[in-house]
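> quick one: sequence plus predicted model below, questions after.
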Amino acid sequence: MIDLYFWPTPNGWKISIMLEETGLPYTLKPVDIGAGDQFKPDFLAISPNARMPAIVDHDTPDGPTPVFESGAILLHLAVKSGELMPTTARGRKECLEWLFWQVGNLGPMAGQLSHFVNYAKQVEDTDHGYAHRRYAGEYNRCLGVLERRLADRPFILGDAYSIADIICFPWVLIAKPLGQSLEEFPKVADWRARIKDRPAVRRGVDVGKDFRRQGPHTEAAKKVLFGQTAKSLPA
């Protein structure tokens, strides 16, 4: 059994989709980031970065094993299940390249763009024009990288759907709310549609939907979520 520490965001969907695709049994453990649950000692023992997703795998030879960071979790689950990752040396190499590309490029750029689209004006009444344009441009550039990669293949690694697709999909799924049309990226749009139509993906995106925030953050939540520094972590 796997405990999934989760809040319904694109980062969380990566892992819920993977669990639904593989059929590995899991228990959902909601972590309310607006309430500061991510800073509780029990959660920090699992995820020292105070971020989700994170898991605890109770079925390993070493006993309960915590794993944090989405790329590491997807690798762990792919190895555990024997699914959704190539078995050849070259295939594994390419899989790792695109996994690291997402965690170093597409994910951070989209996440920061989301902040300036959705939250910056809630925190302070300041013109964040340059920051917004910077991350919008980088997100657009990343979509261009994906478009080139998908020019002659249905999935990132070729004919086979893999964790490389799973890790990239959620931040492309929400392109429109981030202000980015996919009209200039037809291959990405087709890839997105292929993945979105998968039943396990639909189930994964629906995980925790009852916890999704409705409306703006409360003032208390803003104090927890925004302006964090090292001092935000408990002693």
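On my side now, so go ahead.
> name the SS class of the residue nearest to residue 208 when sequence neighbours are not counted, please.
Excluding the flanking residues, the one nearest residue 208 by CB to CB, 6 or more residues apart in numbering is residue 8, at 4.1 Å. The way it works is simple: take the backbone N, C-alpha and C, and place the C-beta from them, glycine included. At residue 8 the chain is in coil, as set by DSSP: H, G, I helix; E, B strand; the rest coil.
> can you give me the neighbour number for residue 8?
19 (other CB atoms under 10 Å).
> who's in contact with it?
207-209, 211-212 (CB atoms under 8 Å, 6 or more residues apart in numbering).
> got a pLDDT number for the residue nearest the centre of the chain?
With the centre of the chain defined as its mean C-alpha position, the nearest residue by CA atoms, centre = their mean is residue 11, 2.1 Å away. pLDDT, residue 11: 90.
> from memory it sits against residue 54, does it?
No. Contact between residue 11 and residue 54 fails when scored by CB atoms under 8 Å: they sit 10.4 Å apart.
> using CSV, list the CA coordinates for stretch 171-186.
Extracted as CSV, the C-alpha positions of stretch 171-186 are listed here (Å, rounded to 0.1, in the frame of the first residue of the first chain):
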residue,chain,number,x,y,z
TRP,A,171,1.3,21.6,-16.9
VAL,A,172,0.2,21.4,-20.6
LEU,A,173,-3.3,20.4,-19.6
ILE,A,174,-3.8,23.9,-18.1
ALA,A,175,-2.2,25.9,-20.9
LYS,A,176,-5.4,27.9,-21.6
PRO,A,177,-5.8,29.1,-18.0
LEU,A,178,-2.1,30.2,-18.1
GLY,A,179,-2.9,32.3,-21.1
GLN,A,180,-1.2,30.1,-23.7
SER,A,181,-3.1,28.9,-26.7
LEU,A,182,-2.0,25.6,-28.3
GLU,A,183,-2.9,26.7,-31.8
GLU,A,184,0.8,27.4,-32.6
PHE,A,185,1.7,23.9,-31.2
PRO,A,186,-0.6,21.4,-33.1
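> what pLDDT, on average, does that stretch get?
Per-residue scores along stretch 171-186 average to 96.
> quick one: contacts of that stretch?
10, 13, 102, 106-107, 110-111, 113-114, 117, 136, 139-140, 143-144, 146-147, 188-189, 191-192, 196, 205.
> filter those residues to the buried ones?
10, 13, 102, 106-107, 110-111, 113-114, 117, 136, 139-140, 143, 146-147, 188-189, 191-192, 205 (16 or more other CB atoms under 10 Å).
> how close does residue 110 sit to residue 134?
13 Å (CB to CB, to the nearest Å).
> that older thread, contact partners of the helix or strand containing the residue nearest to the centre of the chain?
Using DSSP states H and E, residue 11 sits within helix 10-22. Contacts to helix 10-22, defined as CB under 8 Å, 6+ apart, come from residues 2, 4, 6, 26, 51-53, 55, 70, 73-74, 77-78, 81, 83-84, 107, 110-111, 163, 166-167, 169-171, 173-174, 198, 200-201, 203-205, 207-208.
> other SSEs contacting the biggest helix by length in the chain?
Secondary structure of the chain per DSSP state H: the longest helix is helix 129-149. Helices and strands touching helix 129-149, as assessed by 3 or more CB pairs under 8 Å, 6 or more residues apart in numbering; DSSP states H and E, comprise helix 107-118, helix 163-173, helix 186-196.
> gap between the spatially closest residue to residue 70 that is not a sequence neighbour and residue 73?
Nearest non-adjacent residue to residue 70, counting by CB to CB, 6+ apart: residue 14, 4.9 Å away. Here residue 14 is placed at a distance of 8 Å from residue 73 (CB to CB).
> this completes my enquiry, with thanks.
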